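Chemist: With the sequence up front, the predicted model follows.
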Amino acid sequence: MERQNRVILISGITAAVVGLLTGFLGGRLAAPPVSENQAVIRAGHFQLVDQAGRERGRLGVDEHGVARLALFGQDAAAPLVSLAATPQGGAHLELGDQRQGAAVPKDEPQTSQTIALYHEGKLRLGLEVQQNGDAAVNLYDKGNRLITLGLTNQGDPHLRFYGEGQKAALEMASKKNGDRSLNMLGKNGTPRVVLGLKNDKKAALGLFDPQGKTRAALMDEPSLILLKNGKLVRTLP
């Protein structure tokens, strides 16, 4: 039921925004019918409270110029729903829970469009579309990104797994031109094993030392190339 409620909430967010503004401004301020001389109400912050005086909604612009609508539960210290628009043109929707305060990820660019889902205040799932059109699904654990499934604006899919320090540990990519690659990376982010297919024709396997220097290369000529410290040691036909 919780997942279903969240889906309904996302699909109805526009109606919720319109309903909140209409009910709040109409009931509290008793605005007159629309006319040519109607006054414009200007404010940096609106607050919605329930019958017990508890804050349940907040609409305003923060010190960074971000326009944000936040909706709270009865006992929530952090918003359950946060809808924001950044001055750079980004849009962000965040769904949390009321057990702990949700930590907003700092690695998301302000010009992207994102949807973030939380559990017990911890970010678990992020959907984003970058300004250049690249799209990605990010999975998190304990606030750290572990998996990214992405699609470039050219239509090339890629999958990335992260290790210690949220550094890429394994990458898989497939391009429309036939290029395929599987990259295994060390802790410092340098490639250790690379398996590739070029233009759907030539295959290659490369082994690298911790500094990223090639130690061995196997190609489908066929030929095997062995190197040490970047210098050729042996070539086998």
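Modeler: Looks like it came in fine. Numbers count the residues shown, from 1 in each chain.
Chemist: Could you list the buried residues of stretch 69-87?
Modeler: Using 16 or more other Cβ atoms under 10 Å as the test for burial, stretch 69-87 gives 69-72, 76, 78-86. C-beta here means a position set from N, CA and C on the backbone, and glycine is covered the same way.
Chemist: Distance from that stretch to the middle of the chain?
Modeler: Taking Cα atoms, centre = their mean, to the nearest Å, the mean C-alpha location of stretch 69-87 is offset from the chain mean by 18 Å.
Chemist: Kindly report the same for stretch 143-156.
Modeler: Remark: stretch 143-156 is offset 9 Å from the chain centroid, using Cα atoms, centre = their mean.
Chemist: what comes up buried for that stretch?
Modeler: If you call a residue buried by 16+ other Cβ under 10 Å, then stretch 143-156 has these buried ones: 145, 148, 150, 152.
Chemist: so the first one bridges to which residues?
Modeler: Partner residues in beta bridges with Arg145: Tyr140, with DSSP bridges as the criterion.
Chemist: for stretch 169-182, how far is the first residue from the last?
Modeler: Separation of the first and last residues of stretch 169-182 by Cα to Cα, to the nearest Å is 11 Å.
Chemist: just the helices in this structure please.
Modeler: Remark: helices assigned in the chain by DSSP state H are 2-11, 13-29.
Chemist: of the buried residues of stretch 143-156, closest to Ala135?
Modeler: Using Cβ to Cβ, Gly150 comes nearest to Ala135 of the buried residues of stretch 143-156, at 6.7 Å.
Chemist: How many neighbouring residues does the closest residue to the closest one other than its chain neighbours have?
Modeler: Ranked by Cβ to Cβ, 6 or more residues apart in numbering and with sequence neighbours excluded, the top spatial neighbour of Gly150 is Ala136, at 4.0 Å. Counted with other Cβ atoms under 10 Å, the neighbours of Ala136 add up to 18.
Chemist: Mind listing the residues bridging to Ala136?
Modeler: Glu128, Gly150.
Chemist: Against Ala43, how distant is it?
Modeler: 36 Å (Cβ to Cβ, to the nearest Å).
Chemist: cool, Leu205 as well?
Modeler: The value you get for Leu205 to Ala43, if Cβ to Cβ is used, is 64 Å.
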